[in-house]
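Engineer: Let me see the structure of the following:
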Amino acid sequence: MSTWEERAEHISTAARDRQLTIATAESLTGGKISTVLGAAPSSSQWYRGSIVAYADAVKHGLLQVPDGPVVSEPSARAMVTAAAGLLGADLAVAVTGAGGPDPQDGQPPGTVWFGVFADGTARTELRHFDGDPGDVVDATVAHALSLLEDALEI
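Structural biologist: Predicted coordinates:
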C-alpha cells in the first residue's frame, strides 16, 4: 500500500467517525487528488466528488473565480468555497497553480495556492515546490492530503 493510499484510508476513517463529507476542486493536479480519495475504503459514504477545472473559463464560470489570474489567493478561495457548496460537502480542499515547466499568470513553476473549507469558512495557503511538472503535481497532492488530515485532526 502506498503512502497516499494509507493517508486516504486514515482520512476515510476520520471522515466516517466524524460523519463529515469531503469534496475537492482541482486544477493543476487534473483529478489526481480525487483518484486517491475515491479509491479509499468506504469512499461512497463520505466522498462527495471533485470538480476538475483545468481551463480558466471553467474556473471563472463554474467555480466563480473572479476575473484575473487563476494562480492566486482569490482563485483558491473561490474554488474551495464553490466546490463545498456545489457538492454539498462539510470539508473541501482546492488547488490551483503553475505546474511548469513555464510560468503561469506571472507565477514561477511550482507556485501552488491551496484552499481549505472547514467549519463553514475558507482559508488559503501558498506553497512553492521544486522539480519538474510531475514532481510539483505529486507534492501538491501530498500537501492537499495533509491539509485534509489537519482539518480532520488526524
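
Engineer: List phi and psi for the residue nearest to the spatial centre of the chain.
Structural biologist: Residue closest to the mean C-alpha point of the chain, counted by CA atoms, centre = their mean, is Ala94 at 3.0 Å. Backbone torsions of Ala94, given as degrees, to the nearest 10, read phi -130, psi 150.

Engineer: Walking through the chain, point out its helices one by one.
Structural biologist: For the chain, the helices defined by DSSP state H cover 3-18, 32-38, 56-61, 73-87, 133-152.

Engineer: Which elements pack onto the shortest one?
Structural biologist: Pointing back at helix 56-61 there. helix 73-87 (3 or more CB pairs under 8 Å, 6 or more residues apart in numbering; DSSP states H and E). (C-beta placed from N, C-alpha, C; glycine too.)

Engineer: Any regions of this protein where pLDDT drops low?
Structural biologist: 1 (pLDDT under 70).

Engineer: Repeat the analysis, applying 90 as the threshold.
Structural biologist: By pLDDT under 90, the weakly predicted segments of the chain are 1-2, 154.

Engineer: Could you give the number of residues near the closest residue to Arg127 other than its chain neighbours?
Structural biologist: Leaving aside its sequence neighbours, Arg127 sits nearest to Val112 (CB to CB, 6 or more residues apart in numbering; 5.0 Å). Residues lying near Val112 (other CB atoms under 10 Å) number 26.

Engineer: ok now do Trp85, which residues does it touch?
Structural biologist: In this structure residue 85 is Gly, not Trp. Residues counted as contacts of Gly85 (CB atoms under 8 Å, 6 or more residues apart in numbering): none.

Engineer: For Val95, grab the count of nearby residues.
Structural biologist: Val95 has 26 nearby residues by other CB under 10 Å.

Engineer: Name the residues linked to it by a beta bridge.
Structural biologist: Applying DSSP bridges to Val95 yields these beta-bridge partners: Glu26, Phe114.

Engineer: Is it in contact with Ile33, as I believe?
Structural biologist: Yes. Using CB atoms under 8 Å, Val95 makes contact with Ile33 at a distance of 7.1 Å.

Engineer: Give the residues shared as contacts by those two.
Structural biologist: With CB under 8 Å, 6+ apart as the test, Val95 and Ile33 both reach Glu26, Ala144.

Engineer: Chain neighbours aside, what residue packs nearest to Leu86?
Structural biologist: Ile51 (6.8 Å).
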